[in-house]
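Trainee: I would like to see how this sequence folds:
(2 chains)
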Amino acid sequence: MFKLNLIKDLKLMSKELKFKMFSGIILLLFVLSGIASVYSYENSMKEFNNSYLSQKKLDEGVLDKADRMLGHNVNYFRIPSKFNLISEKRGFPNGLRSRLVVDDISSSGFDNHTTNYFVLNWLFIIGVICSFSALVFSYNALSKEKKDGTLKLKLVAGLTRHNVLYSKYIANMIFFAITILLGMILSILVSAIMGFSFLSNLTLWGFISLIILVFVISLVYISVFIWTGLFLSLLKNERNGIILALTCWLLIIVIIPNLTWIVGKGFYKVPSNSEMDSQASLAWNEEFNLWCSKYDNPETMENKVGGDGYLAEGYRSGAVQASDEKMSQVQTEIGKQHLAQIEFLEKLSCISPYSQLDKLFQLLVEQGLTTLKVEMKSLVQHRNRIEETLKSLDAGDEESLHLWYSWAGDDGSYGLNPFTTKPYTDKDNFILTKHLEIPNRDKLKQTTPIVIIMLLMNCLIVIITLFKLKRYDVR
Amino acid sequence: MLKIDKLTKRYEDRSLALDSVSLEVRRGEIYVLLGANGAGKSTAINLICGFIPPTSGDIIIAGVDAIKEPLKTRASIAYLSEDVKLYEQFTGYENLKFFAELAGKKYSRAELENMLRDISLQEKYIHKPVSFYSKGMRQKTGITIAVIKDADLIILDEPFSGLDPKAAHEFQNLLVKLRDDNKAILMSTHNIFKAKELADTIGIMKDGHLVMQLAKKEFEYENLETIYLDYMDGKSSSN
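Mentor: Numbering: from 1, shown residues only, chains lettered A, B, ... in the order given. Take a look at the predicted model:
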């Protein structure tokens, strides 16, 4: 009897205009997301290449200057500041896989190696559109049956009110399972046909299991909205149902995530970017001035540190090195505070299922804060490896001045730049082309606690709905 | 077939919708509950069908306690409400097929179509979505859904509502046939004339009380309208 009713519910859904309309819209958005991702990716690649070329040009200018001053042919490489890797990422995280496969470690700024290219992304489709559809589909599921007199006919036929409710839930879930899965496949197919590779560093199985994870999590998320809608369908007034459905949707998708972010920032204060810049610059100047006061003679104008300094004696490079270190300490400290604030805000906003989905997608597609931490670790390790290589090369170079010099401030970058006379033969190594992939098993571990929270949220709404159903007046 | 004893319903707002109502509907009998709007007819029917729980009292259907075993007793009940709209996206045929299957009945396509023809549903409407149906056409389809279950107890809440005279007459004949087939029929109405024509027993309800029960011989040659109106105006005493 239950199966019969379920089949009827599915047939009914397939005939209703709102289901046809929304499934069409969802599928279309998935297809468009595939197309948009390809174009966006290509644009990002262009931007990346342009940025890389301009960086190279800048570096060449620095090299010329070094050549002139030192009278040596030198090879030069800038190492990015750790702080440049910390960046607040907000808004919709993008798509399924959201990184370019080429990282330029010599470029400054986090954005250069995590370029976003899913403009119309899956989080938007599933998190915003599907959740809205789920509420629109279910907010009058029972109230309509009651109004049309079919609920009583079903009950007399022997179905329980629980049967009717579960059937509605399962029918809605089946609808979304089919639509989302079909949408994902279409999106991938369209992108693949347009020549975009989703695989990156993933194996085919890794990719498929990632898709399955995204799919399952999406269903758990949608389930929250279907249950919310079913609860609303038990309200006496059907008109109130649609108003409350819209209010719930706005609360979950827009109000709670943003409000917690705003309120959270008020509670958890950190220095602003401009404050941080001024503090960092102050620290640098203090240290540099300390060196100047120690080694420069303003009366005789014999400056070992200031001006261009005595490069060969190494005072200036020593001063810059020490100043950079001080500045880096300040930046790292404030950066940690920024990171902690973002972590706090993310946890706070996780009371909304949408924020939970946002976080889960970030974990799955390796974006956002969690990935940032992994990326930082990876990039710092890479940076250190390069530094060690350069140092050892420099140490073995008899003609080298063994200088580590920074043109701090010239091009807006900070850090130590080694100069050697020998060309660096393995410069390709400077470009990080392999990401530190998070294995799907680890992703599963990271996502599980949030999925559990989402499931608990489901359970809570189910309990409230069943309680309401028990007292539901079917007349 | 149906026996209710001291059935009482008090809602959460403490209003008394039904007060200690007792009645019995036997097989081969049409029992008509007559009363004004708000008299408690629909509440009684809702309680018997198990749509709402009673505050106190007993409901026995085919010897089974309907309050303790609602699912078991529902197998013996067919029900039709006043304003059944059915599934609007489904055709009349699809609605009938679904509820027939839900009742565990297997009918061929031709049989189901014939049933709809029997209630004078125009041929072109059989496979049209119910959203195109008039109220009367929906009511007719609803009647077929109730009848198709072949239940021993048929409960009808204002079944003549929305039916045109021809359809009402056909439905009346159908009810008589069902009674002759030994079905027990409980029907609510405020149509005194239909009640007189059809009923074997009439129960007059007022303010949640069953204030009068009349057997056919008691009203057959009387002016039921006068009895009813006199009672409602307080000119007569309780039976």
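
Trainee: all the strands of the stretch 51-200 of chain A, in order from the start?
Mentor: Secondary structure of the stretch 51-200 of chain A (DSSP state E, counting those that start in this stretch): strands at A:75-76, A:103-104.

Trainee: out of these, which gets the lowest mean score?
Mentor: Lowest mean pLDDT within these: strand A:103-104, at a mean of 37.

Trainee: next structured bit after it?
Mentor: helix A:122 (DSSP states H and E).

Trainee: pLDDT of that following helix, averaged?
Mentor: Here the average pLDDT along helix A:122 is 84.

Trainee: got it, and stretch B:44-61?
Mentor: For stretch B:44-61, mean pLDDT rounds to 88.

Trainee: what does stretch B:80-89 give?
Mentor: Stretch B:80-89 carries an average pLDDT of 84.

Trainee: and if you look at stretch B:98-109?
Mentor: Stretch B:98-109 shows a mean pLDDT of 87.

Trainee: ok, stretch A:134-152 next?
Mentor: Here stretch A:134-152 scores 89 as its mean pLDDT.

Trainee: buried set for it?
Mentor: For stretch A:134-152, the neighbour count (16 or more other C-beta atoms under 10 Å in any protein chain shown) marks A:134-146, A:148-152 as buried. In short, each C-beta sits where N, CA and C put it, glycine included.

Trainee: could you dump it to PDB, C-alpha only?
Mentor: Extracted C-alpha coordinates of stretch A:134-152, given in PDB (Å, rounded to 0.1, in the frame of the first residue of the first chain):
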ATOM      1  CA  ALA A 134      12.500  21.700  -1.900                       C
ATOM      2  CA  LEU A 135      10.600  24.100   0.300                       C
ATOM      3  CA  VAL A 136       8.300  25.100  -2.500                       C
ATOM      4  CA  PHE A 137       7.600  21.400  -3.300                       C
ATOM      5  CA  SER A 138       6.900  20.300   0.200                       C
ATOM      6  CA  TYR A 139       5.400  23.300   2.100                       C
ATOM      7  CA  ASN A 140       1.800  22.200   1.100                       C
ATOM      8  CA  ALA A 141       2.400  18.500   0.600                       C
ATOM      9  CA  LEU A 142      -0.100  17.500   3.300                       C
ATOM     10  CA  SER A 143      -2.200  20.600   3.500                       C
ATOM     11  CA  LYS A 144      -3.100  20.200  -0.200                       C
ATOM     12  CA  GLU A 145      -4.100  16.600   0.300                       C
ATOM     13  CA  LYS A 146      -6.200  17.700   3.200                       C
ATOM     14  CA  LYS A 147      -7.800  20.500   1.200                       C
ATOM     15  CA  ASP A 148      -8.500  18.300  -1.700                       C
ATOM     16  CA  GLY A 149     -10.100  15.600   0.500                       C
ATOM     17  CA  THR A 150      -7.700  13.000  -0.700                       C
ATOM     18  CA  LEU A 151      -6.000  12.700   2.700                       C
ATOM     19  CA  LYS A 152      -9.200  11.400   4.200                       C
END
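
Trainee: quick one on the thing from earlier: out of the buried residues of stretch A:134-152, which touch chain B?
Mentor: Counting by C-beta under 8 Å from any C-beta of the partner chain, A:Asp148, A:Gly149, A:Thr150, A:Lys152 from these sit close to chain B.

Trainee: now for A:Pro439, how many residues are close by?
Mentor: Neighbour count of A:Pro439, defined by other C-beta atoms under 10 Å in any protein chain shown: 9.

Trainee: related to what we said a few turns ago, which ones among the buried residues of stretch A:134-152 are found in helices?
Mentor: Judged by DSSP state H, helices contain the following of the buried residues of stretch A:134-152: A:134-138, A:141-146, A:150-152.

Trainee: all strands in chain B, in order from the N-terminus.
Mentor: Ranges of strands in chain B, per DSSP state E, are B:2-10, B:16-25, B:30-35, B:56-61, B:64-65, B:77-80, B:153-157, B:184-189, B:201-206, B:209-215.

Trainee: would A:Gln31 count as being in a helix?
Mentor: One thing to correct before we go on: residue A:31 is Val, not Gln. Yes: under DSSP: H, G, I helix; E, B strand; the rest coil, A:Val31 falls within a helix.

Trainee: report the contact partners of it.
Mentor: A:Gly183, A:Leu186, A:Ser187, A:Val190 (C-beta atoms under 8 Å, 6 or more residues apart in numbering or on different chains).

Trainee: again, but for A:Leu246
Mentor: By C-beta under 8 Å, 6+ apart, A:Leu246 lies in contact with A:Leu135.

Trainee: and with 10 Å instead?
Mentor: Counting by C-beta atoms under 10 Å, 6 or more residues apart in numbering or on different chains, A:Leu246 makes contact with A:Phe132, A:Leu135, A:Val136, A:Tyr139.

Trainee: now A:Ala171
Mentor: A:5-14, A:19, A:137-138, A:141, A:226.

Trainee: drop anything exposed from these.
Mentor: Looks like the contacts of A:Ala171 have A:5-6, A:8-13, A:19, A:137-138, A:141, A:226 buried, using 16+ other C-beta under 10 Å.

Trainee: related to what we said a few turns ago, most neighbours among the contacts of A:Val31, which one?
Mentor: A:Ser187 leads the contacts of A:Val31 on contacts (other C-beta under 10 Å) with 28 neighbours.

Trainee: which of the residues in stretch B:69-89 are buried?
Mentor: Buried, per 16+ other C-beta under 10 Å, within stretch B:69-89: B:70, B:73-82, B:84-89.

Trainee: from the contacts of A:Ala171, which single one is nearest A:Ile243?
Mentor: Lowest distance from A:Ile243 to these (C-beta to C-beta) belongs to A:Ser138, with 14.9 Å.

Trainee: how about the closest one, nearest residue that isn't a chain neighbour?
Mentor: Distances taken as C-beta to C-beta, 6 or more residues apart in numbering or on different chains put A:Gly229 closest to A:Ser138, at 2.8 Å, once the chain neighbours are dropped.

Trainee: the buried residues of stretch B:69-89 also near chain A: which ones?
Mentor: Checked against chain A using C-beta under 10 Å from any C-beta of the partner chain, the buried residues of stretch B:69-89 yield the following neighbours: B:70, B:73-75, B:77-82, B:84-89.

Trainee: from those, which two are the most distant?
Mentor: B:Thr73 and B:Gln89 (31.2 Å).

Trainee: re earlier: ok, the residue nearest to A:Ser138 touching A:Leu165?
Mentor: No: if you go by C-beta atoms under 10 Å, A:Gly229 and A:Leu165 don't touch, sitting 11.3 Å apart.

Trainee: who touches both of those two?
Mentor: When contacts are counted by C-beta under 10 Å, 6+ apart, A:Gly229 and A:Leu165 have A:Ala141, A:Leu142, A:Thr465 as shared neighbours.

Trainee: three-state assignment of A:Pro449?
Mentor: Classification of A:Pro449 using three-state DSSP returns helix.

Trainee: mind checking pLDDT for the spatially most central residue of chain B?
Mentor: The residue lying closest to the centre of chain B (C-alpha atoms, centre = their mean) is B:Leu156, at 1.1 Å. Here, the pLDDT recorded for B:Leu156 equals 89.

Trainee: show me the contacts for it.
Mentor: Taking C-beta under 10 Å, 6+ apart as the contact definition, B:Leu156 lies against B:30, B:32, B:45, B:78-82, B:142-143, B:146, B:171, B:175, B:185-189.
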